[in-house]
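**Q** Turn this into a structure:
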Amino acid sequence: MEIKKVLFVCTYHGARSLIAEAFINLIAQGRIKAHSSCFEQGKIGPLVIDVIQEIGIDISSEAPKSVFERYIEGDSFDYVISLCHEATTEQCPTFKKSVDTLYSNEAERISWSIPDFKSLSGTGEEKKVKAREIRDKIKLEVISFLAQIGIVTEIA
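**A** This is a model prediction of the structure:
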């Protein structure tokens, strides 16, 4: 049986997509191949690194490829999941219309509206609380997705 491939995409530096990829790898244990991409490559911020390390996942040395690099390399996917916050992003609607052209006309497109870590405001501790909420929302979406495609049998 061929292992399905999923691409997670978000704007900016790809923190949300990296977190989703890390959760897939942790939970699915090789039963699906996850990749992450972004629109603008750069470093993941320390707040994001801290809140994901709290649960034992290290993404400090990770950097997702841009969606354009993946296209140039000829990557194709069974699922393309955008993690862009619908209320605040301009790149995802354009990207979603291009998925068939970029990766495969067979890819199932899924959208999760996940707030960007860059949008957080407040004190350092308030930002950390909100960042944990984003992290946990991504985890729940990943578990739900894995349940929908039959990789996990129960939602934790």
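**Q** Within the helices and strands, which one has the spatially most central residue of the chain?
**A** For the chain, the residue sitting closest to the mean C-alpha position, by Cα atoms, centre = their mean, is residue 17 at 2.2 Å. Under DSSP states H and E, the secondary-structure element containing residue 17 is helix 15-28.
**Q** Now do the helix or strand following that helix: which elements does it pack against?
**A** From helix 15-28 onward toward the C-terminus, using DSSP H and E, the following helix or strand is strand 32-38. Contacts of strand 32-38 with other secondary structure elements, assessed using 3 or more Cβ pairs under 8 Å, 6 or more residues apart in numbering; DSSP states H and E, are made with strand 4-10, helix 15-28, strand 65-66, helix 67-72. To be clear about C-beta, it is placed using only N, CA and C from the backbone, and glycine gets the same treatment.
**Q** Which positions within the second one qualify as buried?
**A** Applying a neighbour-count criterion of 16 or more other Cβ atoms under 10 Å, the buried positions in helix 15-28 are 15-24, 27-28.
**Q** Identify the residues contacting that helix?
**A** Applying Cβ atoms under 8 Å, 6 or more residues apart in numbering, the set of residues contacting helix 15-28 from outside is 6, 8-10, 32, 34-38, 44-45, 48, 52, 57, 59, 62, 64, 81, 83, 114, 116-117, 134-135, 138-139, 141-143, 146, 151-152.
**Q** that older thread, and of the helices and strands packed on strand 32-38, who's closest to residue 130?
**A** With Cβ to Cβ as the criterion, residue 130 lies closest to helix 15-28 of the helices and strands packed on strand 32-38, at 13.3 Å.
**Q** Would you mind measuring from the residue nearest to the centre of the chain to residue 125?
**A** Distance of residue 17 to residue 125, given as Cβ to Cβ, to the nearest Å: 26 Å.
**Q** Helices along this protein, start to end?
**A** Assigned by DSSP state H, the chain shows helices spanning 15-28, 46-53, 67-72, 91-102, 124-148.
**Q** ok, now which ones touch residue 57?
**A** By Cβ under 8 Å, 6+ apart, the contact list for residue 57 reads 19, 22-23, 26.
**Q** Perfect, that will be all.
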